[in-house]
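need a structure here:
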Amino acid sequence: MECKLSIIVPVYNVEKYVEKCLKTLVAQEIDNYEVIVVVDGSTDNSISIVRNFADKYPNIIKYFEIENQGLSAARNFGLSKACGEYVGFVDSDDYIDIDMYKKMYEHAKQQKCDVVVCDYFKVTQNGKERVKLQIKDNDSIDSIIIKARPYAWNKLFKRSLFNRYNIKFPQGLIFEDICSIYPLMMVASNIQYVDNCCYNYVYTRSDSIMNNRQRDDNKIFEVLGIFNKYCIENNLIEQYEGLVCEINVRHIFYRLREMHNYNTLMYNMKFICESFKYLNTNFPNWKKNSNYVQRMKKIKKYAVGWKVIILLRRIKKWRRK
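Sure, this is the predicted structure:
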C-alpha cells in the first residue's frame, strides 16, 4: 500500500548518533509515512538501539538487517522496500528538523515537483552553521542543479524517478552521489527549493567517510565516468552539455583543493597530471566553460614548481654519489 513518504536510513556502527537521528525521524510532523532502517552489518550497539525503536514505533519503522555491503547497497535495498510516493535519505549520524519532510512534501504536492531541495546546517563541535544554497526563483535548471549539490540527504525525490530512469547508487565507490543524484535532478521535470527547513549534517565524526583522509581520491575519475556514460546513453548531453562539463571540472577541482590531505608530494603531482589529462581528453573545451579555470591554472603552476624541486633534489643526491 502506497504511503506519502519513505525515509531510508542506512545504519553502520553509529551507536553514538543513531538514537538522536531516529528520535527526529519518528517525530516528523507528517502522517502516513515510513522510516526504512537498513542495518548494514553493524558490529556495535546500533542494532539493539534500532530494534528498540522498531518495537516502540512499529507503524513507522520498517527494520531490515543485511550483510555489510556499504552505503550504496543499503540505500538501494531500502528503495526496493519503499512504498512512498516520495522518498528521502537520512544518514544515521545526522538528524533533521521535525517539520522538514512535512514542508518538503506539501511543497512537492502543491507545485507538482519531482525533486524538492532544502538548506542544511553543518554541525561541528563549535556549534551549527546554516548553509544556504542561494537558489533563486529565476535560476536556470542548470544553476539549480549546481547549487543544490549532489547530496542525497537534503532532498525529496519522486520515487518513480528511480525505476523510470534506471538510477541506482553505485556500489563499492566513494562520491557515489555524483552518478545518482545529478542524473535524478537532470531527468526531473520540476525542481524547487524550500526555505526555512533544514537537515542537520554532523561533521564531527573522525571515522566518517567524509572525514577519512586516507580515501582513494582517484576514484573520482571512475565515478565521473559512470556519470558521463549515463548522460550519453540517456541523451542528456545535448540538453546539459555545459552542465556535464561543469560538474566534471567542479568535482575534480574539489579533490585538487584538498591536496594537503593527500599522502605525498609525488601523489599530488601524479593526481594533478591525471586531472588535467582527464579533462583535456574528455572535455577539450573545458577551459571555456568552467568557473574554476584560473584556480586550476594556479594548481598546475604549483605542480611545475614541485617537479623542479624534485629534479633539483635528485641532481643533488646524484652528485653526492
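
run through the helices of the chain in chain order.
Applying DSSP state H to the chain gives helices spanning 18-26, 46-56, 71-81, 100-111, 141-148, 160-164, 181-187, 219-233, 237-257, 265-282, 286-289, 293-320.

most tightly packed of these?
helix 181-187 (a mean of 22; mean count of other Cβ atoms under 10 Å). C-beta here means a position set from N, CA and C on the backbone, and glycine is covered the same way.

now do that helix: distance to the chain's middle.
12 Å (Cα atoms, centre = their mean, to the nearest Å).

for it, packing partners?
helix 141-148, helix 160-164, helix 219-233, helix 237-257 (3 or more Cβ pairs under 8 Å, 6 or more residues apart in numbering; DSSP states H and E).

tell me which residues are up against that helix.
Contacts of helix 181-187 with the rest of the structure, by Cβ atoms under 8 Å, 6 or more residues apart in numbering, involve 115, 144-145, 148, 150-152, 155, 157, 161-162, 164-165, 167, 191, 227, 230-231, 234, 236, 239-240, 243, 247.

can you do 7 Å?
115, 145, 148, 150-152, 157, 161, 165, 167, 191, 227, 230, 236, 240, 247 (Cβ atoms under 7 Å, 6 or more residues apart in numbering).

swap in stretch 123-131?
119-122, 198, 200-204.

ok, stretch 69-86 next?
1-6, 8, 10, 33-34, 36, 38, 40, 62, 64, 66, 87, 89, 105, 108, 156-159, 162, 168-172, 176.

quick one: which of the contacts of helix 181-187 is nearest V18?
A152 (17.6 Å; Cβ to Cβ).

which residue packs closest to that closest one, ignoring adjacent ones?
F89 (4.1 Å; Cβ to Cβ, 6 or more residues apart in numbering).

what sits opposite the one you found in the beta ladder?
I8 (DSSP bridges).

for Y240, give me its contacts.
Counting by Cβ under 7 Å, 6+ apart, the residues that Y240 touches are 142, 186, 231.

go with 10 Å
141-142, 145, 182, 186, 231, 246-247 (Cβ atoms under 10 Å, 6 or more residues apart in numbering).
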